[in-house]
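J.: Could you work out the structure for the sequence below:
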Amino acid sequence: MEQNQNIINYSRVIHLSHIIDIDIPQWPGDPSVEFTTIANISPDGYYLRRFSLGEHSATHINAPNSFHVHGVGIDQYSAKSLVLPGVVIDICKAAAINADYVLTIADVVAWEQRNGKIPLGSLVILHTGWQDKWLDKTAFFNPDAEGIMHFPGFGYDATQFLVKERQISGLGIDTHGVDSGENSNFSINRLVLAQQGIILENLTNLQQLPAKGITVIIGVLRLRDGSGCPAGVLALVP
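T.: As a prediction, the model looks like this:
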């Protein structure tokens, strides 16, 4: 009998997804979150709602076709690709000083000096502290007088290093974008999604995670040709 080599041991399970509600921070131009009651226990005998929201709202995953014409939709991601090892890089102190801070190669090297080399196929999660601003839309997007948003993200050189030298599976972050607020070209998204990697945005509870050793499970809605979808993300902590 073939033995199952994919054994996951964990002591805790952590929600990494925000609760979806009508007043969550929404990217400019995205459709609003709506809930409509269709049936009530009285008189219908059961409770049912219809909901509507954008594919890139709340805690969500992006698909390649959101930035690449010939990219696949979220329905094409294999089940295996949605369960992966995770590491957490904490830049909260730097981001608190500079809202435009982006992860550097030096940050990655410093993390590896403390924790060892980032394992092959990892999801690299960036803890910026922005999850704490979720209930304040203005602080979360942090726009200036010209409307340019200011929040931290992944730097391009660091992302190239992670993709090419560490062969990561994807990126996650607690802001509304792996690209920093100033990066209107979405270059980080484009780079990772060109490899059909994982992009997770608007994560939460990252302060509960250790730097390494977690397993991340991503629950997607398999929307046909979806450019992404709200996601239920869990972290299994050893």
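J.: Summarise which helices and strands the lengthiest helix in the chain is packed against.
T.: With secondary structure taken from DSSP state H, the chain has its longest helix at helix 105-115. In terms of contacts (3 or more C-beta pairs under 8 Å, 6 or more residues apart in numbering; DSSP states H and E), helix 105-115 is packed against strand 83-90, helix 156-164. C-beta: built from backbone N, CA, C; applies to glycine.
J.: Would you indicate which residues of that helix are buried?
T.: For helix 105-115, the neighbour count (16 or more other C-beta atoms under 10 Å) marks 107-108, 111 as buried.
J.: Which pLDDT value goes with the residue of the chain most remote from its centre?
T.: Most distant from the centre of the chain: Pro43, at 40.5 Å, with distances by C-alpha atoms, centre = their mean. We have a pLDDT of 95 for Pro43.
J.: Following the chain onward from the helix or strand hosting it, which element is next?
T.: If you go by DSSP states H and E, Pro43 is part of helix 41-44. Next in sequence after helix 41-44, counting helices and strands by DSSP H and E, comes strand 48-52.
J.: ranges for the strands of the chain?
T.: 12-15, 34-39, 48-52, 60-62, 83-90, 102-103, 123-127, 153-154, 170-173, 198-201, 214-219, 228-230, 232-237 (DSSP state E).
J.: Reformat those as TSV; add mean neighbour count and mean pLDDT.
T.: Shown next, in TSV, are those (neighbours: other C-beta atoms under 10 Å; pLDDT from 0 to 100):
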stretch	mean neighbour count	mean pLDDT
strand 12-15	14	98
strand 34-39	10	98
strand 48-52	11	97
strand 60-62	28	98
strand 83-90	21	98
strand 102-103	26	98
strand 123-127	25	98
strand 153-154	28	98
strand 170-173	27	98
strand 198-201	25	98
strand 214-219	20	98
strand 228-230	24	97
strand 232-237	20	98
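J.: So for Asp75, which of the ones you listed sits nearest?
T.: Nearest of the strands of the chain to Asp75, taken as C-beta to C-beta: strand 228-230 at 9.2 Å.
J.: what's next to that closest one, contact-wise?
T.: 17, 20, 53, 55-63, 66, 74, 199, 220-221, 223 (C-beta atoms under 8 Å, 6 or more residues apart in numbering).
J.: From those residues, list the buried ones, please.
T.: The neighbour count (16+ other C-beta under 10 Å) marks 17, 20, 53, 55-63, 66, 74, 199, 220 as buried among the contacts of strand 228-230.
J.: about what we covered before: okay, the helices and strands packed on helix 105-115 in TSV with distance to Val178 next?
T.: As requested, the helices and strands packed on helix 105-115 are exported to TSV (distance: least, C-beta to C-beta, whole Å):
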stretch	distance to Val178
strand 83-90	12
helix 156-164	8
